[in-house]
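> Okay, structure incoming, though there's no sequence with it:
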């Protein structure tokens, strides 16, 4: 077994953070710019833009349940570098795309490798976090993901004002390339393979880690409610004539999350998960309730504060709980199960929330999401919390 680094801020942990930050900066930058690219350069329609985003999500969700098995069979080191290399090649392919169909094909293939890469990143970074600081370390790791939500769209929307789409894709490829180079310098330890089972029959345990189903269902409902923010907050702001202020929503979200992050991780490690998760769910529900009452910019930004503190704290806690529920050799399975249900929650939420907005309105839909968060808190308290020490 490798010697666990005593300091949280060791070289390998920092490199993992930057790799994850650059990966999600790339992801959210392309997510933001692709609809504009399809409409302006490829002569596509809004439906084509939606299809490009959906294909990526579908392939990502389809492979997610098997990602843990892939990581187990290949080993963390090979899975990290192999999936990263193919993801990078597909990122490079965007520069040469000249038709809508070629873009759709690349998007579909990209989703597979993005899913595997984001699955293996978690057990890899976990190797470089001291046991006594898991909550704090995973909190900072998830924060690097959320910072990509801010930096990705900011870079894409700023750069496209003075460069072509091809040049922008080249710039974004350089960004994710730097992150990949970081992974090549990591000395990723491997667990000894389990030699008890050598059969080639695919079992339920190869796909799902049963021990994390409880916290994964909590994550599904959390993602379901959060999808109302990721998918519709901009349209909601536009309906309130606040579109010019919407760009600051995620900035305020990120700042709020960063401000509380040092305390959240320490409280998780010292006081236990529930000490953080209960108030985080309450803050998330308050934030969604505030969104339902938005009429002015300051209310929108205030809701971002509560959502940043609430969702920005509860998600890394749930992810840490998932990986702490299993031994190291099952960590890939645990995180793939967790992310599969989380992704399903986001996908279902985006569709169902759209229908709710159409039949009711934005305000009632966001109020419904606040209620869902309260129900999720009850589910956590009744199914997950009793099993914790």
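Received, thanks. Fair warning: this is a prediction, and the values are worked out from it, not measured in the lab.

> Start from the N-terminal end of the protein and give the helices.
All helices of the chain, identified by DSSP state H, fall at 11-40, 46-74, 76-93, 100-126, 134-159, 165-184, 204-207, 213-239, 243-271, 273-292, 297-324, 331-359, 362-379.

> Mind listing what's buried along the fifth one?
If you call a residue buried by 16 or more other C-beta atoms under 10 Å, then helix 134-159 has these buried ones: 134-156, 159. For the C-beta atoms, the positions are set from N, CA and C on the backbone; glycine is no exception.

> what's the answer for the first one, then?
Neighbour-count burial for helix 11-40 flags 12-13, 15-17, 19-35, 37-38 (criterion: 16+ other C-beta under 10 Å).

> care to break the chain down by domain?
If you go by automatic domain parsing, the domain ranges for the chain are 1-134+145-189, 205-382.

> Switch those over to CSV; also include distance to residue 388 and mean pLDDT.
Shown next, in CSV, are the domains of the chain (distance: least, C-beta to C-beta, whole Å; pLDDT from 0 to 100):
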stretch, distance to residue 388, mean pLDDT
domain 1-134+145-189, 14, 89
domain 205-382, 6, 90
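
> List the residues that contact residue 39.
Going by C-beta atoms under 8 Å, 6 or more residues apart in numbering, residue 39 touches 45-46, 49.

> Mark which of the residues you listed are buried, thanks.
Listed as buried from the contacts of residue 39 are residue 49; burial here means 16+ other C-beta under 10 Å.

> Adding distance to residue 165, write the contacts of residue 39 out as CSV.
Below are these laid out as CSV (distance: C-beta to C-beta, whole Å):
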residue, distance to residue 165
45, 17
46, 18
49, 14
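
> for the contacts of residue 39, which one is nearest residue 242?
Set against residue 242, the nearest of the contacts of residue 39 by C-beta to C-beta is residue 46 (22.4 Å).

> Isn't the closest one up against residue 35?
Yes - with contacts counted by C-beta atoms under 8 Å, residue 46 reaches residue 35, the gap being 7.5 Å.

> Give me the neighbour count for residue 378.
Applying other C-beta atoms under 10 Å, we find 10 residues neighbouring residue 378.

> swap in residue 321?
The burial count for residue 321: 28, using other C-beta under 10 Å.

> need the contact list for it.
Residue 321 is in contact with 212, 215, 273, 384, 388, counting by C-beta under 8 Å, 6+ apart.

> Who are the contact partners of residue 265?
Contacts of residue 265 (C-beta under 8 Å, 6+ apart): 133, 135-140, 316.

> repeat for residue 304
Contact analysis of residue 304 by C-beta under 8 Å, 6+ apart lists 248-250, 252-253, 256, 287.

> Kindly report the same for residue 343.
Residues near residue 343 by C-beta under 8 Å, 6+ apart: 57, 60-61, 64, 223.

> likewise residue 178?
Taking C-beta under 8 Å, 6+ apart, we find residue 178 in contact with 18, 22.

> Try it again at 7 Å.
By C-beta atoms under 7 Å, 6 or more residues apart in numbering, the residues touching residue 178 are residue 22.

> got it, and the one 10 residues further on?
With contact set as C-beta under 7 Å, 6+ apart, residue 188 has these partners: 76-77, 80, 124, 127.

> and if you look at residue 310?
For residue 310, the contacting residues are 280-281, 283-284, 287, by C-beta under 7 Å, 6+ apart.

> again with residue 248
Counting by C-beta under 7 Å, 6+ apart, residue 248 touches residue 301.

> again, only using 10 Å
Residue 248 is in contact with 255, 297, 300-301, 304, counting by C-beta atoms under 10 Å, 6 or more residues apart in numbering.

> Just give me how far stretch 227-237 sits from the chain centre.
Counting by C-alpha atoms, centre = their mean, to the nearest Å, stretch 227-237 is centred 17 Å from the centre of its parent chain.

> follow-up on the earlier one: quick one: closest of the helices of the chain to residue 190.
Residue 190 sits nearest to helix 76-93 of all those, at 6.2 Å, using C-beta to C-beta.

> Now that closest one: buried residues?
For helix 76-93, by 16+ other C-beta under 10 Å, it's 76-77, 79-84, 86-88, 90-91, 93.

> and which of those residues is nearest to residue 207?
Ranked by distance to residue 207 (C-beta to C-beta), those are led by residue 79 at 16.3 Å.

> Among the contacts of residue 248, which pair sits farthest apart?
Greatest spatial distance among the contacts of residue 248 (C-beta to C-beta): 255 and 297, at 15.8 Å.

> the more surrounded of these two?
Legend: neighbour count by other C-beta under 10 Å for residue 255 and residue 297, higher for residue 297 (17 against 14).

> What separation do you get for that one and residue 369?
Applying C-beta to C-beta, to the nearest Å, the value for residue 297 to residue 369 is 21 Å.

> if I pick residue 332, what's in contact with it?
Residue 332 makes contact with 67-76, 79, 116, 119-120, 122-124, 191, 209, 323, 326, according to C-beta under 10 Å, 6+ apart.

> Run the chain-centre distance for stretch 33-52.
On C-alpha atoms, centre = their mean, the centre of stretch 33-52 falls 23 Å from the chain's centre.

> Check the burial of the closest residue in space to residue 94 that isn't next to it in sequence by counting its neighbours.
Excluding its sequence neighbours, the residue lying closest to residue 94 (C-beta to C-beta, 6 or more residues apart in numbering) is residue 169, at 4.2 Å. Neighbour count of residue 169, defined by other C-beta under 10 Å: 24.

> Same question for residue 109.
Neighbours around residue 109, by other C-beta under 10 Å: 18.

> that older thread, can you tell me which of the contacts of residue 265 comes closest to residue 181?
Distance to residue 181 across the contacts of residue 265 (C-beta to C-beta) is lowest for residue 140, with 21.0 Å.

> tell me the contacts of residue 69?
Residue 69 sits in contact with 202-203, 205-207, 332-333, 336, where contact means C-beta under 10 Å, 6+ apart.
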